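1. Model the structure of this input:
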Amino acid sequence: MSTLAVGDLAALVRDSTAVVPVGGGTHREVGGPVPSGVEVRAAAGVVAYDPAELTVTVHAGTTVEALDEVLRAAGQMCPLDPRDGAATVGGVLASGLSGVRRLRYGPVRDTVLETRIVTADGRRVRGGAPVVKNVTGYDLPRLLVGSLGTLAVIVQATLRCRPVPEASVWARVATEPDVVRATVAAPSALLWDGATTHVLLEGNARDVDAQLAASGGSDAPEVAPPALPAGAHRGRISVRPGAVVELGRALDAIAGCRWLAEGGIGTVHVATDVPEVLGAARAAAHALGGWLLREAGGGPGFDGFGRPLPDLAIARRLKTAFDPTGKLSPGRLPL
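-> Here you go, the predicted structure:
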């Protein structure tokens with residue numbers, strides 16, 4: 001599979017009966033089986049960067065690592081924060097998986113300002129605007145976030161940038177994340193492993209020092225955050241934020257289940273070496289009114305979502321409107 005110019009990509013999509021948008025492959029199993037069809041990959045590279053306006057436009061095949069390098073040279077960053085820096089911008093948007101700094105910077109859909117796409121019939125369409133303040137027109141960019149390549153092929157995106165914080169410190173606090181959140185003003189992340197909350201504090205150096213003291217964090221701050229749990233079988237649980245502690249206790253009771261929770265968000269990352277354990281983690285999530293999105297593995301027949309999608313009728317109408325023949329990432333979503 002080679003990278004195509006947009007015009008050639010559009011013609012290929014138009015003339016194919018099944019099309020699978022592909023990025024870095026790091027989100028390939030998220031949400032459903034790997035679809036079969038003609039694989040298409042968007043180009044890579046920065047199209048335009050305006051540090052003064054805090055916006056950057058990139059081809060969707062650009063890796064997050066490459067984007068970070070360009071922005072860092074100007075003292076800016078874009079908080080996509082995928083598990084793997086080899087993930088592409090288009091893949092991060094299509095999967096809709098926000099990074100661990102969501103508590104401070106919001107979900108990934110808040111980062112995208114404009115998208116350029118190729119529709120199922122080969123049309124080239126632009127949605128949004130390359131400016132931070134824009135309230136006109138349909139919000140096509142946010143609609144595409146999390147669509148897993150089932151509505152269109154993302155070929156270009158304009159993203160909101162932010163200044164790199166003056167100071168950034170991870171600290172360890174031996175208490176639950178909700179307790180920590182009540183003592184610090186604006187943590188960027190609260191990662192809890194059942195015994196320790198790892199707190200990311202960012203901003204003005206004096207403010208960070210004050211918040212570190214208020215949190216009761218360790219005297220020797222951590223250099224790096226804890227790693228997300230790894231394994232052949234992985235999932236991302238979503239529950240109401242107040243249920244994270246109870247869910248953590250339930251996951252601790254499942255032998256072989258490794259997990260890390262995002263306090264204040266309600267996201268819990270789980271991983272295991274045994275597919276049955278991922279099923280047990282899903283059952284624990286369902287018991288608390290949540291759900292588990294498969295990220296990888298799960299064994300034969302393990303459904304990507306585990307329960308009907310919310311607003312399924314609306315999702316089906318959107319799929320019919322954008323892709324009436326069902327050629328884009330067929331079978332990726334349970335529609």
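2. How many neighbouring residues does A313 have?
-> Using other C-beta atoms under 10 Å, A313 is surrounded by 8 other residues. For every residue, glycine as well, the C-beta is placed using N, CA and C.
3. go on, the one 4 residues further on?
-> Neighbour count of R317, defined by other C-beta under 10 Å: 12.
4. what's the helix or strand for it?
-> According to DSSP states H and E, R317 maps onto helix 312-322.
5. And the helix or strand where L292 lies, what does it pack against?
-> Per DSSP H and E: L292 is located in strand 291-296. Packing partners of strand 291-296 (3 or more C-beta pairs under 8 Å, 6 or more residues apart in numbering; DSSP states H and E): strand 233-238, helix 275-287.
6. hmm, who's touching the helix holding R317?
-> Helix 312-322 is touched from outside by 119-120, 143, 150-152, 309, 326, 328, 333, 335, with contacts defined as C-beta atoms under 8 Å, 6 or more residues apart in numbering.
7. R116 contacts V125, correct?
-> Yes. With contacts defined as C-beta atoms under 8 Å, R116 counts as touching V125 at a distance of 7.2 Å.
8. thinking again about what came up before, among the contacts of helix 312-322, which ones are buried?
-> Buried subset of the contacts of helix 312-322 (neighbour count, 16 or more other C-beta atoms under 10 Å): 119-120, 143, 150-152, 309, 328, 333.
9. I'd guessed V244 sits against W259; true?
-> No. Taking contacts as C-beta under 8 Å, V244 lies outside contact range of W259: 10.2 Å.
10. residues shared between the contacts of those two?
-> Residues touching both V244 and W259 by C-beta under 8 Å, 6+ apart: V268.
11. Report the contact partners of G45.
-> The contact partners of G45, by C-beta under 8 Å, 6+ apart, come to 58-59, 62.
12. change it to 10 Å
-> 58-59, 61-62, 66-67, 70 (C-beta atoms under 10 Å, 6 or more residues apart in numbering).
13. Report pLDDT for it.
-> G45 carries a pLDDT score of 96 in this model.
14. ok, now how distant is it from L190?
-> Distance of G45 to L190, computed by C-beta to C-beta, to the nearest Å: 35 Å.
15. Just the buried residues of stretch 176-196, please?
-> Residues of stretch 176-196 classed as buried by neighbour count (16+ other C-beta under 10 Å): 176-178, 180-181, 183-184, 187-192.
16. need the strands for the stretch 151-300 of the chain, in chain order.
-> 153-160, 162-163, 167-173, 189-192, 197-203, 233-238, 258-262, 267-272, 291-296 (DSSP state E, counting those that start in this stretch).
17. could I get the ones you listed as a markdown table with mean pLDDT and distance to D84?
-> Listed next are these as a markdown table, based on pLDDT from 0 to 100; distance: least, C-beta to C-beta, whole Å:
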| stretch | mean pLDDT | distance to D84 |
| --- | --- | --- |
| strand 153-160 | 97 | 18 |
| strand 162-163 | 96 | 21 |
| strand 167-173 | 90 | 20 |
| strand 189-192 | 95 | 18 |
| strand 197-203 | 93 | 19 |
| strand 233-238 | 97 | 12 |
| strand 258-262 | 98 | 16 |
| strand 267-272 | 98 | 13 |
| strand 291-296 | 95 | 11 |
